[in-house]
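S.K.: how would this look folded up:
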Amino acid sequence: MTTLDDEAVSRRAAMVDALTASGHALRPGVAAAFREEPRHTYVPRFTRSHQIADGTWVSEEVNHTHPDWLNWVYLDQVLLTSTWPSMSSSTVPSLMADMLDALDVRHGVTVTEIGTGSGYNAGILGRLAGDENVLSIDVAPELVSAARAALDAAGHGEITVVCGDGGSDGVVRPDSTDRLIATCGVSSLPAAWRRAVHPGGVVVVPLGAGIAVLDIDEQHGAQGRFLPTGAYFMSLRPADGAPLMPRPDNPEGPAEPCTMPVTAWNDSEFTFLVSFWLRLEDVLTDSASDALTVWHRDGSIATITTNGIARQAGPRRLADLLGSPLERLQGARPAVAQCVSNRGRPRRDTDRDR
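M.R.: Residues are numbered from 1 along each chain as shown. All right, here's what the predicted structure looks like:
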């Protein structure tokens, strides 16, 4: 073992201890897999965003020559590993652990992963299910190639990695897996994913601004719950790529009162509701110290200031649309709070494997 390997083992142990102490990686197998899997093998370089003393967020390109590279790899943070057109990141480990806890993978269970990314999550799945039982799919050839090399380097030569459209029946075959986990966001569950999972199996998927845990019934219907935490994943991309979503010109409409305060966008319950009004993959935002700008793929744009004034332009009035779910949320906070608490219920004892 090299000095780097020794140090990585120590840092992984510290990361997992912190995860379990804060209520993540609660299944012993999940914690053990995180202790063993070398995240640094999958992220030799990345972009790290962090906040400096004056509150400004800055981005820094980091590779294995940086003195803090290994330390940052094993912090509970997202790491941007690839930029446009093959946007990809290594997910926050605590969120990965929550999703894997919910997926309930045991050795011998077959697992399909949609969104290979760096390959790190596939490697952990291999430790849980057995490498020969894991299929990982990504639409970007360059990501598949890099993940394949990293998985091989980490000792996972039997994990299958495929380049293709993870949302289609042609790639995700019907009745082919016991578990399906997606690491890309969707606004509705693709039918191909329901059909792919054996009855009694489980799908864990970023749905809207939440993480859905769905049980598959005998007719390949899906029902379940949301995890307590919200999440924002890069959207599922078709094989022909997703068009860029350019920012429209700043709105020059009249200044109007807006019922949505800028701070509401940081409210996970609010964005959870918004994600079912507006598909989040069709929405981008830009924040400044005194304003929030939101724009939509259809060309609509709204700038909302901290003093409650909005300017809007385009085919739909985004500030008005965002105010409506906020008013509903404020009128239903107790019910929403109960719903959020119910998202964390354990899976039923009747769940089974095939």
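S.K.: Leaving out the residues flanking it, which one is nearest to D320?
M.R.: Q312 (7.4 Å; C-beta to C-beta, 6 or more residues apart in numbering). All C-beta spots, glycine's among them, are computed from the backbone N, C-alpha and C.
S.K.: Tell me if I'm right that the one you found and I301 touch.
M.R.: Yes - between Q312 and I301 there is a contact at 7.2 Å, judged by C-beta atoms under 8 Å.
S.K.: Overlap in contacts, the two.
M.R.: 251, 318 (C-beta atoms under 8 Å, 6 or more residues apart in numbering).
S.K.: Show me what the helix or strand hosting the residue nearest to D320 is packed up against.
M.R.: Applying DSSP states H and E as the criterion places Q312 in strand 309-313. Packing partners of strand 309-313 (3 or more C-beta pairs under 8 Å, 6 or more residues apart in numbering; DSSP states H and E): strand 256-257, strand 301-305, helix 318-331.
S.K.: In the sheet, which strands lie alongside the first one, parallel or antiparallel?
M.R.: Put plainly, it is strand 256-257. strand 309-313 (antiparallel) (DSSP bridges).
S.K.: Show me which residues of the partner strand are buried.
M.R.: Neighbour-count burial for strand 309-313, counted by 16 or more other C-beta atoms under 10 Å, picks out 310-313.
S.K.: Between strand 301-305 and it, find me the angle.
M.R.: Interaxial angle of strand 309-313 relative to strand 301-305 (axes from the mean of the first three to the mean of the last three C-alpha atoms, to 10 degrees): 170 degrees.
S.K.: what residue ranges in the protein score low on pLDDT?
M.R.: Scanning the chain for pLDDT under 70 picks out 1-2, 83-86, 238-244, 327-354.
S.K.: quick one: the helices in it?
M.R.: 3-21, 28-36, 39-42, 69-73, 93-103, 120-129, 141-153, 191-196, 268-277, 318-331, 333-342 (DSSP state H).
S.K.: which of the ones you listed sits most buried?
M.R.: helix 120-129 (a mean of 26; mean count of other C-beta atoms under 10 Å).
S.K.: for it, packing partners?
M.R.: helix 28-36, helix 39-42, helix 93-103, strand 111-114, strand 134-138, helix 141-153, strand 177-182.
S.K.: any chance of those in JSON lines, plus distance to G126?
M.R.: Converted to JSON lines, these look like this (distance: least, C-beta to C-beta, whole Å):
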{"stretch": "helix 28-36", "distance to G126": "9"}
{"stretch": "helix 39-42", "distance to G126": "13"}
{"stretch": "helix 93-103", "distance to G126": "12"}
{"stretch": "strand 111-114", "distance to G126": "9"}
{"stretch": "strand 134-138", "distance to G126": "5"}
{"stretch": "helix 141-153", "distance to G126": "8"}
{"stretch": "strand 177-182", "distance to G126": "13"}
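S.K.: Can you check the distance spanned by stretch 215-226, start to finish?
M.R.: 12 Å (C-alpha to C-alpha, to the nearest Å).
S.K.: Give me the buried stretch members for that stretch, please.
M.R.: 215-216, 220, 222, 224-226.
S.K.: what do you get for stretch 279-288?
M.R.: 279-281, 283.
S.K.: Compare the helices and strands packed on helix 120-129 and give me the one nearest R317.
M.R.: strand 177-182 (32.1 Å; C-beta to C-beta).
S.K.: Save the helices and strands packed on strand 309-313 as JSON lines, and put in distance to L95 too.
M.R.: Shown next, in JSON lines, are the helices and strands packed on strand 309-313 (distance: least, C-beta to C-beta, whole Å):
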{"stretch": "strand 256-257", "distance to L95": "37"}
{"stretch": "strand 301-305", "distance to L95": "28"}
{"stretch": "helix 318-331", "distance to L95": "23"}
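S.K.: and of the ones you listed, who's closest to R179?
M.R.: Proximity to R179 (C-beta to C-beta) singles out helix 318-331 among these, at 32.4 Å.
S.K.: is I301 in a bridge, and if so with what?
M.R.: Bridge pairing for I301 - DSSP bridges - gives W295, A313.
S.K.: got the contact list for it?
M.R.: 247-251, 293-295, 312-314, 318.
S.K.: of all these, which comes closest to N266?
M.R.: Closest to N266, out of all of the contacts of I301 and judged by C-beta to C-beta, is V294, at 13.2 Å.
S.K.: I'd say that closest one and R317 touch.
M.R.: No - assessed by C-beta under 8 Å, V294 is found out of contact with R317, at 11.2 Å.
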